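Enquirer: just the structure for this:
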Amino acid sequence: MQAAPLDFACAVLDASMAGLSMRELALKLLAANPTLRVLAASGYPVDMTDVQAQAPGRVDFLHKPFTPEMLAAAVRRMLAPQEEGL
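Expert: This is a model prediction of the structure:
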């Protein structure tokens, strides 16, 4: 079964995905779900400024390498505004 974008509160994307670029996928997901948060992760420089401009406060970037604790903290930060009703 494939989940719909509306089923998720946060998507974690990696720049090394096959198929769509991380930027293209982020834009598609954000367009499909007006409350979705996107956490982009990469060890390479990635320009997500246009995506961040189209979805202010809903897109963040996590540089690799990171620990599981750093990932968990980043996801908590991404979800915090949503949980507070923003």
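Enquirer: where does this protein have low pLDDT?
Expert: Across the chain, the ranges flagged by pLDDT under 70 are 1-6, 81-86.
Enquirer: what about the strands in it?
Expert: Counting by DSSP state E, one finds strands in the chain at the ranges 10-14, 37-42, 59-63.
Enquirer: which one of the ones you listed has the most crowded surroundings?
Expert: Per residue and on average, the most neighbours among those fall to strand 37-42, with a mean of 21 (mean count of other CB atoms under 10 Å). From N, CA and C alone the C-beta is placed, and that goes for glycine too.
Enquirer: contacts for that one, please.
Expert: With contacts defined as CB atoms under 8 Å, 6 or more residues apart in numbering, strand 37-42 is touched by 9-16, 22, 26, 29-30, 46, 48, 51, 55, 58-64, 66, 71, 74-75, 78-79, 82.
Enquirer: centroid residue for the protein?
Expert: residue 38 (1.6 Å; CA atoms, centre = their mean).
Enquirer: select the longest helix from this protein.
Expert: If each helix of the chain is counted by residues according to DSSP state H, the longest one is helix 68-83.
Enquirer: between strand 10-14 and it, find me the angle.
Expert: Interaxial angle, helix 68-83 versus strand 10-14 (axes from the mean of the first three to the mean of the last three CA atoms, to 10 degrees): 140 degrees.
Enquirer: list the buried residues for helix 68-83?
Expert: Residues of helix 68-83 classed as buried by neighbour count (16 or more other CB atoms under 10 Å): 74, 75, 78.
Enquirer: for stretch 45-65, same thing?
Expert: Under 16+ other CB under 10 Å, the buried positions of stretch 45-65 are 46, 48, 51, 52, 55, 58, 59, 60, 61, 62.
Enquirer: convert the C-alpha atoms of that stretch to PDB, please.
Expert: Extracted in PDB, the C-alpha atoms of stretch 45-65 (Å, rounded to 0.1, in the frame of the first residue of the first chain):
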ATOM      1  CA  PRO A  45      26.000  21.600  -0.700                       C
ATOM      2  CA  VAL A  46      22.400  21.700  -1.800                       C
ATOM      3  CA  ASP A  47      20.500  24.900  -2.600                       C
ATOM      4  CA  MET A  48      17.000  24.700  -1.200                       C
ATOM      5  CA  THR A  49      16.400  28.500  -0.900                       C
ATOM      6  CA  ASP A  50      13.700  28.500  -3.500                       C
ATOM      7  CA  VAL A  51      11.900  25.700  -1.800                       C
ATOM      8  CA  GLN A  52      12.200  27.400   1.600                       C
ATOM      9  CA  ALA A  53      10.900  30.600   0.100                       C
ATOM     10  CA  GLN A  54       7.800  28.800  -1.300                       C
ATOM     11  CA  ALA A  55       7.100  27.100   2.100                       C
ATOM     12  CA  PRO A  56       8.400  29.500   4.800                       C
ATOM     13  CA  GLY A  57       9.000  27.700   8.100                       C
ATOM     14  CA  ARG A  58       8.200  24.300   6.600                       C
ATOM     15  CA  VAL A  59      11.700  23.400   5.100                       C
ATOM     16  CA  ASP A  60      15.000  22.800   6.900                       C
ATOM     17  CA  PHE A  61      18.300  21.300   6.100                       C
ATOM     18  CA  LEU A  62      20.500  18.900   8.100                       C
ATOM     19  CA  HIS A  63      24.100  18.500   7.100                       C
ATOM     20  CA  LYS A  64      25.700  15.100   7.100                       C
ATOM     21  CA  PRO A  65      27.300  13.500   9.000                       C
END
